[in-house]
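**Student:** Let's see this in three dimensions:
(one chain, ligands or ions: 1)
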Amino acid sequence: MFQRPIIVLVRKTWSLGVLIALLILLIGAGSLSLASVFSNDLQNKVIVIDPGHGGADPGAQNSGLKEKDINLDISLRLRKVLESKGCKVILTREVDKDFFLPGFVRGRMAKRAELNQRTELATQNNADLFISVHTNSYPQRNTYGMETYYHLKSSPGKALAELIQEQLTQLQSDNKRKAKAGDYYLINQSKMPAVIIEVGFISNPRERKLLMSDEYRDSVAVAVSTGIERYFNTYPMGVRESAPMVAQQEGPPSASNDSYKLYFSSDNLDGLVSEEHKLSSSVWAKLGLSKKTNLVLAELIQGPRSGTLTPTLSPKTKILSITIQDSIATIDFSGDIRDDFHGGALEEDITIQSIVWSMTQIPGISGVRILINGEFGDSIGGNILLDRTFTSKSYYGV
Ligand SMILES: [Zn+2]
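**Tutor:** Here you go, the predicted structure:
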């Protein structure tokens, strides 16, 4: 009575053996890639997840909702999913804290030191990937959609960002945003493939409501982990480092004799939009370089005349000084430019571009250095350090 089932079991084992043999033969013949058959787990991969901001730095804010809290919660959920797939996960922070040195929350070197500690943790642990989680905000309530950024010169970063963005947009069928190159300090400093994920706009009523729900946060975490899993499955040997091709950015057209342009942000946060300002009887042409820069900057701070454009600077911002040397304009802004900024990485990027483009259209100005309260190397929103001379061509932005 007990014989039959045993025979069946033996037969099943035998046929399984034949199947495995066939599979090995197929792989040997090159019909199947090894990756697609066996590398479907994340065993032993070290992933550093960086919940953006924290502690004294709330990040983007909107109606009481703080970016730092959403970033941490989604990061904790992402850790859970990745650990269940066999990854070793390290969080740069597990509570509401920052990495500022005592007494250095503001000013030169503060943000750099803060961000360095996040990427150094990944380097020390020999991490395979660095995933920084952020949340967006923008003055235009209609703007929405998750975004993923990679370093301009990193092919692995680009591959990873595209796979994650592909999963994220499956949660938002009307999100047409593609993975983008970004000039952000965290991904510039990371030694391993790194991405910044903006999980949505807390300024958009629909996305804000979603971001407040447990189910949605879970689904974002699952989407990111699926993107990561796809990355390791698709590229089991990694992606060869080679700079992706990037089109050389054209600078702004030069101001003419009776008009100049001011560069503001579009209502959809997808780039700069210009607004032409005219001056009667060629007044503009007669102004000296210093008067021109002062006039353009003052009008940039005042904001656009058209309601369809979005200001890039707080109207409270004051110009403390402008000095021009060797065609480089050094602009010293009051701290309002930073303290009144509540947006995300992309808005910060566009804010800098709007200053650089508005300035470099003036014949005689080829580059811009941005100081805050007299200090070089600070940051407006904590993602980009103002530690260089920006030119419209070298500064690629979005
Ligand atoms: Zn952020």
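**Student:** Which helix or strand contains Leu76?
**Tutor:** According to DSSP states H and E, Leu76 maps onto helix 67-84.
**Student:** so what secondary structure elements neighbour that helix?
**Tutor:** Where contact means 3 or more Cβ pairs under 8 Å, 6 or more residues apart in numbering; DSSP states H and E, helix 67-84 is packed against strand 46-51, strand 88-91, strand 129-136, strand 194-201, helix 214-234. In short, each C-beta sits where N, CA and C put it, glycine included.
**Student:** For the fourth one, which strands pair with it and how are they oriented?
**Tutor:** In the sheet containing strand 194-201, the strands it pairs with under DSSP bridges are strand 129-136 (parallel), strand 147-151 (antiparallel).
**Student:** Point out the residues in the stretch 151-300 of the chain that sit beside the ion.
**Tutor:** On the criterion Cβ under 5 Å from the ion, the ion has no neighbours in the stretch 151-300 of the chain.
**Student:** just so I have it, where are all the helices in the stretch 151-300 of the chain?
**Tutor:** In the stretch 151-300 of the chain, the helices defined using DSSP state H, counting those that start in this stretch lie at 155-169, 185-189, 205-211, 214-234, 283-286, 289-302.
**Student:** Just the mean pLDDT for the shortest one, thanks.
**Tutor:** The reference is to helix 283-286. Here helix 283-286 scores 82 as its mean pLDDT.
**Student:** Kindly report the same for the second one.
**Tutor:** For helix 185-189, the mean pLDDT works out to 93.
**Student:** Please renumber the chain so that the first residue is 3 from this point on.
**Tutor:** Done: numbering now begins at 3, and the last item shifts to helix 187-191.
**Student:** so what are the domain limits for this protein?
**Tutor:** By the record's domain assignment, the chain is partitioned as 48-236, 261-378 (automatic domain parsing).
**Student:** As TSV, these with mean neighbour count and distance to Phe392 would be great.
**Tutor:** Output for these, formatted as TSV (neighbours: other Cβ atoms under 10 Å; distance: least, Cβ to Cβ, whole Å):
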stretch	mean neighbour count	distance to Phe392
domain 48-236	20	10
domain 261-378	18	5
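**Student:** circling back: how far is the helix holding Leu78 from where the chain is centred?
**Tutor:** 17 Å (Cα atoms, centre = their mean, to the nearest Å).
**Student:** again, but for stretch 227-236
**Tutor:** Distance, centroid of stretch 227-236 to centroid of chain: 19 Å (Cα atoms, centre = their mean).
**Student:** Alpha carbons of it, in CSV - could you do that?
**Tutor:** C-alpha atoms of stretch 227-236 as CSV (Å, rounded to 0.1, in the frame of the first residue of the first chain):
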residue,chain,number,x,y,z
SER,A,227,12.6,47.8,-3.7
THR,A,228,11.3,46.3,-7.0
GLY,A,229,13.4,48.8,-9.0
ILE,A,230,16.4,47.9,-6.9
GLU,A,231,15.8,44.2,-7.4
ARG,A,232,15.5,44.7,-11.1
TYR,A,233,18.8,46.6,-11.1
PHE,A,234,20.7,43.6,-9.6
ASN,A,235,18.8,41.1,-11.8
THR,A,236,19.4,43.1,-15.0
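**Student:** just to revisit the earlier point, just so I know, which of the helices of the stretch 153-302 of the chain lies nearest Glu69?
**Tutor:** The closest approach between Glu69 and any of the helices of the stretch 153-302 of the chain, judged by Cβ to Cβ, belongs to helix 207-213 at 10.0 Å.
**Student:** any idea how far the closest one is from the chain center?
**Tutor:** 20 Å.
**Student:** wait, what's in contact with Asn190?
**Tutor:** His153 (Cβ atoms under 8 Å, 6 or more residues apart in numbering).
**Student:** How much space separates it from Ile199?
**Tutor:** To Ile199, Asn190 is 16 Å away according to Cβ to Cβ, to the nearest Å.
**Student:** ditto for Lys263
**Tutor:** Applying Cβ to Cβ, the value for Lys263 to Ile199 is 33 Å.
**Student:** wait, which of the helices and strands packed on helix 69-86 is closest to Lys82?
**Tutor:** Here helix 216-236 is closest among those (Cβ to Cβ), at 7.4 Å.
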